[in-house]
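K.L.:
coordinates for the following, if possible.
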Amino acid sequence: MLVVTRKANESITISDNVEITVLEITKDKVKIGINAPKEVKIFRSELKTLRQTNEQSAHASGTAIEQLLNLHKQEEK
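P.N.:
From the prediction side, this is the model:
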């Protein structure tokens with residue numbers, strides 16, 4: 001992990017096309033701005049984790065449904 005110290009209104013650039021700027025610093029928060037092309041997906045980490053959990057749950061639910069359908073088909077025979 002790269003650790004960079006920045007003050008308000010200072011920025012860093014990533015890969016020539018993503019710029020992160022420190023907009024405001026308060027007692028317990030830092031407000032940042034991200035300037036990036038539209039095709040670059042930007043997620044808050046807690047939302048990314050939640051999304052992954054939801055996808056895993058959906059997959060597990062889909063597997064359970066398939067198992068129930070297969071069980072029902074076997075009972076019909």
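K.L.:
could you use CA atoms for every contact and neighbour count after this?
P.N.:
Will do.
K.L.:
run through who's touching stretch 33-48.
P.N.:
If you take C-alpha atoms under 8 Å, 6 or more residues apart in numbering as the criterion, stretch 33-48 is touched by Asn17, Val18, Glu19, Ile20, Thr21, Val22, Leu23.
K.L.:
low-scoring stretches of this protein, by residue?
P.N.:
By pLDDT under 70, the low-scoring segments of the chain are 58-62, 76-77.
K.L.:
where does Lys27 sit: helix, strand or coil?
P.N.:
With DSSP: H, G, I helix; E, B strand; the rest coil as the basis, Lys27 sits in coil.
K.L.:
look at it and say how many residues are nearby.
P.N.:
By other C-alpha atoms under 10 Å, the residues close to Lys27 number 5.
K.L.:
one more: Ile20?
P.N.:
Around Ile20 there are 16 residues (other C-alpha under 10 Å).
K.L.:
ok but it is inside a strand, no?
P.N.:
Yes - assessed with three-state DSSP, Ile20 lies in a strand.
K.L.:
related to what we said a few turns ago, PyMOL command to pick out the buried ones of the contacts of stretch 33-48?
P.N.:
Command for PyMOL that selects the buried part of those, burial taken from 16 or more other C-alpha atoms under 10 Å:
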select buried, resi 20+21+22
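K.L.:
which residue ranges of the chain form strands?
P.N.:
Listed in chain order, the strands of the chain (DSSP state E) span 11-14, 18-25, 30-35.
K.L.:
hang on, Asn9 packs against Val22?
P.N.:
Yes - counting by C-alpha atoms under 8 Å, Asn9 touches Val22, with 5.3 Å between them.
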